[in-house]
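Visitor: I would like to see how this sequence folds:
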Amino acid sequence: MTTRTLVEHYQVFGLHVASEIPCPELLGPEVDLENGFRKAPPCPEQPGSEPASNLAGDPARSARSAPSPDCHWRLARLEPALEPASDHASVANDQFQIAPGLYQFLIKDVARYRVQDGREILVDPLPDADPGDVRLWLLGTALGALLHQRGLLPLHVSALALSGGAYAFCGDSGAGKSTLAAALHRRGLALLTDDVGLAVPESPPAPSDQLGDHQPSNQPSNQPSDQPNDQRSALFNATLSPGAAREPQMLPVRFYPGFPRIKLWRDALDHFGLDHRPLIRDLTRTDKFHLRLDAHDGFQAHPLPLRRLYLLERGAEDDAVRIEPVRGHEAISLIQTHTYRPGLVRRMGRAGDHLRQCGRVASRIQVFRLQRPWRLDRLDETVDQLLSHMSQS
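Guide: Residues are numbered from 1 along each chain as shown. Next up, the predicted model:
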């Protein structure tokens, strides 16, 4: 007698996922909003599929009505190395292997993961592995690799909704993205993500568009991830210099939400008057906790146009709040740097396509640098000035 594996259905980044691994961190394929149920957002563009712009305007395309899930997450027994099915296979070390359309990696004492063709993630948990640890890497590096295989642009940001648009915040680890997101959320802004969000230009390019869509390559490459500065400048100048043609009709970049949670340090929870005891402790940082949200708590599950990206920088305790524009190749470089798992871009041979994606996004949104005083008791001052600045877009 055989047992049938239970498959759960979820939505994340606009994708309909069928998973054999229960993922309570994710939303189901439908979200209970104030006036009942709404269908999941349409799946973003992928290689060989209908452009995302055509899907974004089609409310009938949903996780429920789609003939099949966009991707599958399955339990499987995996060999330590990829089969030598291709002369292009490249083994970087004992921890990961890469080949066209394949990315496999091992996390010690947790699991081995294989990501295939942007459509499937196979998971082989190691004996006695904690299920939470298995999900941590599934929803992190493995899902990031799947998005990159699909030719998409995941950004390492927090983001909130204001007046029908998405406003994203990036920065180095410890820059205060989550704390600022929590402060804005407490002012009534709905959360889109506190970790990763997906940026997808809404329309296909015109034939003359120099930043047009390109089918991603899965060939391994030793090409450096950092493109020469003059290449970024030329790319940006081709679309934004005075008199040059801009993107067709400047249609927006569609921003797809991530996980319905905010991760906060203990001191930030104390500042907001939140009790840490009922919260889930972060698996990698013992003094950080997960605050889960749903639609009724102010989570925005459907994509919105991305209007602005702010780079967060620490100032001294007595500094004033400063917001300055970032333009040209510096804006492209900023988006490159704050792509989620940028090292995967190089390993998959997608550095050129990634640069063009970042250029397209930079040409359609506004980018700013936000320097704020590094004091929790001045957080409200930062939020006041930031909301005033955001309302001017």
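Visitor: beyond the lowest-mean-pLDDT helix or strand in the chain, next helix or strand please.
Guide: One helix or strand of the chain scores below all others by mean pLDDT, DSSP states H and E: helix 52-56, with a mean of 33. Using DSSP states H and E, the next helix or strand after helix 52-56 towards the C-terminus is strand 71-75.
Visitor: quick one, what contacts Leu274?
Guide: Leu274 sits next to 264, 291 when contact means C-beta atoms under 8 Å, 6 or more residues apart in numbering. Bear in mind the C-beta positions are built from the backbone N, C-alpha and C, glycine included.
Visitor: that one looks like it's in a strand, true?
Guide: No: per DSSP: H, G, I helix; E, B strand; the rest coil, Leu274 lies outside any strand segment and is coil.
Visitor: what ranges do the helices span in this protein?
Guide: For the chain, the helices defined by DSSP state H occupy 52-56, 131-137, 143-149, 177-186, 229-240, 266-272, 328-337, 342-347, 351-364, 379-390.
Visitor: how distant is the third one from the center of its chain?
Guide: With C-alpha atoms, centre = their mean, to the nearest Å as the basis, helix 143-149 stands 10 Å off its chain's centre.
Visitor: so what touches that helix?
Guide: 12-13, 71, 101, 103, 115, 117-119, 121, 154, 196, 198, 216, 218, 340-341, 344-345, 348, 350.
Visitor: how about a cut-off of 6 Å?
Guide: For helix 143-149, contacts defined as C-beta atoms under 6 Å, 6 or more residues apart in numbering pick out 103, 115, 118, 154, 340-341, 344, 348.
Visitor: and what of the second one?
Guide: Among residues not part of helix 131-137, those counted as contacts by C-beta under 6 Å, 6+ apart are 23, 107, 110-111, 125, 283.
Visitor: hmm, 10 Å instead?
Guide: For helix 131-137, contacts defined as C-beta atoms under 10 Å, 6 or more residues apart in numbering pick out 19, 21-26, 75, 105-107, 109-113, 123-126, 130, 142-143, 280-284.
Visitor: ok, of those, which come out buried?
Guide: 19, 21, 23, 25-26, 105-107, 110-113, 123-125, 142-143, 282 (16 or more other C-beta atoms under 10 Å).
Visitor: let's see which of the residues you listed end up in strands.
Guide: 19, 105-107, 111-113, 123-125 (DSSP state E).
Visitor: farthest-separated two in these?
Guide: Of all pairs drawn from those, the greatest distance, 20.5 Å, lies between Ser19 and Leu106 (C-beta to C-beta).
Visitor: is it true that Phe255 touches Thr193?
Guide: Yes: counting by C-beta atoms under 10 Å, Thr193 is a contact partner of Phe255 at 8.6 Å.
Visitor: list residues touching both of the two?
Guide: Between them, Phe255 and Thr193 share these contacting residues under C-beta under 10 Å, 6+ apart: 13, 155, 157, 159, 166, 168, 300.
Visitor: next, give me the two most distant ones among those residues.
Guide: Farthest apart among these - using C-beta to C-beta - are Leu155 and Gln300, which lie 16.0 Å from each other.
Visitor: which intervals of the protein have sub-threshold pLDDT?
Guide: 1-4, 30-67, 83-93, 203-250, 283-285, 294-296 (pLDDT under 70).
Visitor: nearest to His329 among the shared contacts of Phe255 and Thr193?
Guide: Leu155 (17.9 Å).
Visitor: may I have the beta-bridge partners of that closest one?
Guide: Taking DSSP bridges as the rule, Leu155 bridges to Gly197, Thr339.
Visitor: near Asp275, how many other residues are there?
Guide: 9 (other C-beta atoms under 10 Å).
Visitor: look up the closest residue to it, ignoring the ones flanking it.
Guide: Leaving out its chain neighbours, the residue that sits closest to Asp275 by C-beta to C-beta, 6 or more residues apart in numbering is Leu269, at 7.6 Å.
Visitor: cool, and Arg307?
Guide: Among residues not flanking Arg307 along the chain, Gly165 sits closest, at 4.0 Å (C-beta to C-beta, 6+ apart).
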